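>>> Below is the structure, and that's it, no one-letter string:
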């Protein structure tokens, strides 16, 4: 059985945790927070460098965390550049890291204001996780 490690700065919703505990993903233990076990890696994801070599090193480190912890990584954060490098390393180095990303639906509401303007409020409703 794999450990599930949450790799986002955002706190998982009750719906997301419930889905991970469902028979589909079969998470039996508590969701582990990357910030609690590898705080420097989470800090990097929260504030990615623009240096390619650092992106590569941290992507390799994150794959190694998944391998050494026998873990599924959930909602990996980071910049788009980091996401690209993370995926590229997975494909070119044959890392078999399991990664889940949340798929959400944007639900918007127009709220009329007293001055006649309209304020648009959007929330993201969790639909499901996608394994990539």
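Done, it's in. Bear in mind the structure is a predicted one, so any value in this text is a computation, not a measurement.
>>> Could you measure from the residue most central in space within the chain over to residue 36?
Centroid-nearest residue in the chain: residue 75, 1.3 Å away (criterion: CA atoms, centre = their mean). Distance, residue 75 to residue 36, by CB to CB, to the nearest Å: 15 Å. Quick note: C-beta positions are derived from backbone N, CA and C, even for glycine.
>>> try residue 2
Using CB to CB, residue 2 is found at 17 Å from residue 36.
>>> Which one's more surrounded, those two?
Applying other CB atoms under 10 Å to residue 2 and residue 36 shows that residue 2 carries more neighbours, namely 16 against 10.
>>> So what's the residue count around the closest residue to that one other than its chain neighbours?
Ranked by CB to CB, 6 or more residues apart in numbering and with sequence neighbours excluded, the top spatial neighbour of residue 2 is residue 72, at 4.9 Å. The local packing of residue 72 (other CB under 10 Å) involves 19 other residues.
>>> quick thing: my sequence starts at 42, can you match it?
With 42 as the first residue, the last one maps to residue 113.
>>> ok, residue 113 - contacts?
Residue 113 makes contact with 43-46, 66, 107, 139-141, according to CB atoms under 8 Å, 6 or more residues apart in numbering.
>>> Go again with 7 Å.
43, 45, 139, 141 (CB atoms under 7 Å, 6 or more residues apart in numbering).
>>> Pipe these into a markdown table and attach secondary structure, distance to residue 128 and pLDDT per row.
Supplementary listing: those in a markdown table, determined by DSSP: H, G, I helix; E, B strand; the rest coil; distance: CB to CB, whole Å; pLDDT from 0 to 100:
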| residue | secondary structure | distance to residue 128 | pLDDT |
| --- | --- | --- | --- |
| 43 | coil | 20 | 76 |
| 45 | strand | 20 | 96 |
| 139 | strand | 13 | 92 |
| 141 | strand | 14 | 96 |
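>>> Top of those residues by number of neighbours, please.
Neighbour counts for these (other CB under 10 Å) peak at residue 45, which has 24 neighbours.
>>> Just give the closest residue to the residue nearest to the centre of the chain, not the sequence neighbours.
Residue 116's closest residue in space is residue 49 (CB to CB, 6+ apart), at 4.0 Å.
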